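J.: got a sequence here, can you build the structure:
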Amino acid sequence: MSKRSNGDAGGDAKRARAAPVEFGPADEEAVNTIRVLSADMVQAANSGHPGAPMGCAPMAHMLWKEFMTYSPSNPNWFARDRFVLSNGHACALQYVMLHLTGYNVSMDDLKSFRQVGSITPGHPENFMTDGVEVCTGPLGQGISQAVGMAIVERHLASLFNRPDFDIVDNYTWVICGDGCLQEGVSGETGSLAGHLKLGKLIVLYDDNSITIDGDTDLSFTEDVKMRYESYGWQVIEVADVNDLPALHAAVAEAKACEDKPSMIKIKTKIGHGSALEGSAKAHGSPLGPDNVAAMKRKFGMDPEASFAVSAGVTSTYAAITARAEEAYNAWCGLFERYTAQYPDLAADYNRRMNGNLKDGWENLLPTFKPEDPAIATRKTSGACLAKLGTQMDELIGGSADLTPSNGTGDFQKHTGDFQASSPIGRYLRFGVREHGMSAIANGMAAYGGVRPFVATFLNFIGYALGAVRVSSLSRFPVLYIATHDSIFLGEDGPTHQPVEMLETCRCLPNMQVIRPADGKETSGAYIAALRSKTSPTVLALTRQNLPQLAGSSAEGVLRGAYVILAEADPSIVLVASGSEVSLCLDAAKDLKDNHGLRVRVVSMPCMSMFDAQSLGYKLSVFKEGPPILSVEASSPAGWAKYSHMQIGITRYGVSGKGGSVGEAFGFTVANVSANARRLIDHFGGAAAPCLAKLPGAVHTPVLGH
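T.: Numbers count the residues shown, from 1 in each chain. Next up is the predicted model:
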């Protein structure tokens, strides 16, 4: 099948818009209006970044007028082009374009820039503003998420397109700056994008030679063109962003290249048109009333008027928007015909793009019995992933060059690799690129139609934290498979043994961190992760084998914590996660058999899910009166909310056999039993304070969030 067939009405509209055009005074007025509105926004807020929007205004006008496919009337249209403003500090530019092209961004919204409760926050937030695809601002994240979007477009096109029906046929557009290219994550993802030959990824590089500290000669003198060509990109240069015909020709050339991502390296002047043009002073502060007025005079505008759009510019963008809606309507007609000819495919496409999973998917998960052999939870996770992969076509992901160690290999065997030559595959070979891998997964989640997972060692989540935080902020349900979750990984030693990473991940708002104790809990963890549409999940999984526990429960995982060993009138409660649950069960037996104590054991695979339960449920798990001892082979931070005493790790680990390392740090039956008795003695028979009834943290809701 050709890239676009004669029956592709949406493609016809795109081709027409990419044809040679004339640029004249109306375009110049539109570009200068973008510049002035951006400056007005920053001035009114007395905060923000005017320089980049003013320099990049011709790029934005060109894309929205001539090349991008979008629908202000239906901002979430599945087949839209994706636009990412990677230098998110320039967001005044994006908000102005959304306003001018008829999105739900009013002039009052522009006037409320950077104010609490507005839909025009200080950096783009995908959940706040129609037309914003991803959260950007942490430099490098946007361009990296765009790689994930381009991957999903290529994959879904291979699944759903049919002769005369290119249902999935969009481009991913990026505007980025020097800072994005300096951040290492963009190098990781740029390299992979070149390897995968993502020809429908086009980056417009705002080459203004300015950073906050001053000229890029201070720190950034590499040849960006040669660097990206070495990655396998096409790089096109434009000497002056204001040369609209040259800019148009460069974008058209980029679109014509189908086997390489393209970067258009465009020389700009930060703060174009102002007295601060070309200066770092134009980057991150208002220009000042006098400078803004002078700029307006230079552009032939009323220096006293703020937030003004002429009738001519309004008419220009009304025509642009009407043409955009024509492309949307053409696609809708194409999809109607597609639905008539391929009803099952159309239904599956709609289901996936609406974020719904197939009915009964939970029944695919494996079951485990107490008599089954001991097995590491990284392997029970691998079994879950492989089973789901056989029928959940939306499940797609891979590992940071740790496929055998992460237990994701069986999934790969079922699904095949995603490569340039095999885009229908669902296993991504990310290479040793944890940060890039995670940012790409965010872009995949943002695009829709897939449920992305990524895998590495728990300790190496530290490499990826910038992108992991963006997952949580953006409400993307990315699944992080994090194996080798404690000192029990053994010989690799403290460089690989995570002692702080569980708490680091748990501190992230909107992040589910689940540490299952056995196979049943692993299946429950997958249910919790895949049911969530707005929260990412970290699965913390063992390298060492764990027994299949009597009393464990997949359903219990969904409550965050549950009683795994019941005792109606306990002398003490032991609570643990993951590998330490079986340790606590053994310690409970010792305390009962050798010391005559009654012990309840609680498995707490996910703190945040337990925190969301009712007080009544919490008290059914942690009975009032007995003291509570927590046990986890990690930092004890966070456990004081649930326990009166904690056994944890407050230093880095050591190299040695996993069991020996555990003994050295006190993760033994004898030590847990001794500390349980010590805690009982501390209270001397008196009731311990009921921690579940303490007020806890105060959560103040913020309007719009």
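J.: for Met609, what are its contacts?
T.: Counting by C-beta atoms under 8 Å, 6 or more residues apart in numbering, Met609 touches Gln512, Ile514, Ala528, Val557, Leu558, Arg559, Gly560. Quick note: C-beta positions are derived from backbone N, CA and C, even for glycine.
J.: now with 7 Å?
T.: Gln512, Ala528, Leu558, Arg559, Gly560 (C-beta atoms under 7 Å, 6 or more residues apart in numbering).
J.: so which of those comes closest to Lys369?
T.: Ranked by distance to Lys369 (C-beta to C-beta), the contacts of Met609 are led by Leu558 at 20.2 Å.
J.: the closest one reaches Ser523, doesn't it?
T.: No. The criterion here is C-beta atoms under 7 Å, and Leu558 misses it with Ser523 at 11.0 Å.
J.: thinking again about what came up before, closest to Tyr447 out of the contacts of Met609?
T.: For the contacts of Met609, the closest approach to Tyr447 (C-beta to C-beta) belongs to Gln512, at 21.7 Å.
J.: do you know the pLDDT at the closest one?
T.: Note on Gln512: pLDDT of 98.
J.: got the phi and psi for the nearest residue to it once chain neighbours are set aside?
T.: Excluding the flanking residues, the one nearest Gln512 by C-beta to C-beta, 6 or more residues apart in numbering is Thr537, at 4.2 Å. With angles defined as degrees, to the nearest 10, Thr537 sits at phi -140, psi 130.
J.: report the separation between Gln182 and Ser86.
T.: Gln182 sits 12 Å away from Ser86, going by C-beta to C-beta, to the nearest Å.
J.: give me the more crowded residue out of these two.
T.: Neighbours per residue, other C-beta atoms under 10 Å: of Gln182 and Ser86, the larger number sits with Ser86, 31 against 17.
J.: can you tell me which of the contacts of Met609 are in strands?
T.: Residues of the contacts of Met609 located in strands (DSSP state E): Gln512.
J.: could you point out the longest helix of the protein?
T.: Taking DSSP state H as the assignment, the helix of the chain that covers the most residues is helix 311-341.
J.: let me see the mean pLDDT of that one.
T.: In this model, helix 311-341 carries a mean pLDDT of 98.
J.: any chance you could list what contacts the next helix or strand after that helix?
T.: For helix 311-341, the succeeding helix or strand toward the C-terminus, using DSSP states H and E, is helix 343-353. By C-beta under 7 Å, 6+ apart, the list of residues contacting helix 343-353 from outside reads Phe78, Phe160, Ile167, Tyr338, Thr339, Glu394, Gly448, Gly449.
J.: switch the cut-off to 8 Å
T.: By C-beta under 8 Å, 6+ apart, the residues outside helix 343-353 that reach it are 78, 156, 160, 162, 167, 335, 338-339, 358, 393-394, 448-450.
J.: buried residues in that helix?
T.: Buried residues in helix 343-353, counted by 16 or more other C-beta atoms under 10 Å: Leu345, Ala346, Asp348, Tyr349, Arg352, Met353.
J.: likewise stretch 389-402?
T.: By neighbour count on 16+ other C-beta under 10 Å, the buried set for stretch 389-402 is Gly389, Met392, Asp393, Glu394, Leu395, Ile396, Gly397, Gly398, Ser399, Ala400, Asp401, Leu402.
J.: quickly list what Val174 is bridged to.
T.: As for beta bridges, Val174 partners with Val84, Val203 under DSSP bridges.
J.: for the stretch 451-600 of the chain, what spans make up the strands?
T.: Counting by DSSP state E, counting those that start in this stretch, the stretch 451-600 of the chain has strands at residues 451-457, 479-483, 512-514, 537-540, 562-565, 572-576, 599-603.
J.: got the buried residues for the last one?
T.: Think strand 599-603. Val599, Arg600, Val601, Val602, Ser603.
J.: so what's Ala282 up against?
T.: Taking C-beta under 8 Å, 6+ apart as the criterion, Ala282 is in contact with Pro50, Gly51, Met54, Ile210, Ile270, Gly271, Ser274, Leu276.
J.: correction: Trp64
T.: Residues near Trp64 by C-beta under 8 Å, 6+ apart: Tyr70, Met97, Leu100, Thr101, Ile320.
J.: and the nearest residue to the fourth one once chain neighbours are set aside, how many neighbours?
T.: Which is Thr101. Counting by C-beta to C-beta, 6+ apart, Thr101 lies nearest to Thr321, which is 5.1 Å off, once chain neighbours are set aside. By other C-beta under 10 Å, the residues close to Thr321 number 19.
J.: please apply the same query to Asn545.
T.: 13.
J.: hang on, isn't it packed against Ala374?
T.: Yes. Here Asn545 reaches Ala374: they are 4.1 Å apart, a contact under C-beta atoms under 8 Å.
J.: returning to that earlier point: if I read this right, the residue nearest to Gln512 contacts Leu479, doesn't it?
T.: Yes. Using C-beta under 8 Å, Thr537 makes contact with Leu479 at a distance of 5.5 Å.
J.: what touches both of those two?
T.: Contacts common to Thr537 and Leu479, judged by C-beta under 8 Å, 6+ apart, are Ala529.
J.: what about the nearest residue to Pro289 once chain neighbours are set aside, distance to Leu287?
T.: Setting aside the residues directly before and after it, Pro289 is nearest to Gln43 in space (C-beta to C-beta, 6+ apart), at 6.8 Å. Using C-beta to C-beta, Gln43 is found at 7 Å from Leu287.
J.: ok, now Gly560?
T.: Counting by C-beta to C-beta - Gly560 and Leu287 are separated by 51 Å.
J.: do the same with Met301
T.: Plainly put, Met301 is 14 Å away from Leu287 if you go by C-beta to C-beta.
J.: next: Val513.
T.: Val513 sits 45 Å away from Leu287, going by C-beta to C-beta.
J.: next: Lys265.
T.: With C-beta to C-beta as the criterion, Lys265 and Leu287 are 26 Å apart.
J.: between these two, which has more neighbouring residues?
T.: Leu287 (24 against 18).
J.: right, and the more buried one touches Val42 too?
T.: Yes. Counting by C-beta under 8 Å, Val42 is a contact partner of Leu287 at 7.3 Å.
J.: so after the worst-scoring helix or strand of the chain on mean pLDDT, what's the next helix or strand?
T.: The least trusted helix or strand in the chain, going by mean pLDDT, DSSP states H and E, turns out to be helix 9-17, with a mean of 44. Proceeding N to C from helix 9-17, the next assigned helix or strand is helix 25-45, under DSSP H and E.
J.: and that following helix, what's buried?
T.: Buried-residue list, helix 25-45, by 16+ other C-beta under 10 Å: 27-45.
J.: same question, stretch 201-215
T.: Those would be Leu201, Ile202, Val203, Leu204, Tyr205, Asp206, Asp207, Asn208, Ser209, Ile210, Thr211, for stretch 201-215 by 16+ other C-beta under 10 Å.
J.: from those, pick the one nearest Glu362.
T.: Using C-beta to C-beta, Leu201 comes nearest to Glu362 of the buried residues of stretch 201-215, at 35.3 Å.
J.: for the closest one, give its distance to Leu98.
T.: From Leu201 to Leu98 the distance is 22 Å (C-beta to C-beta).
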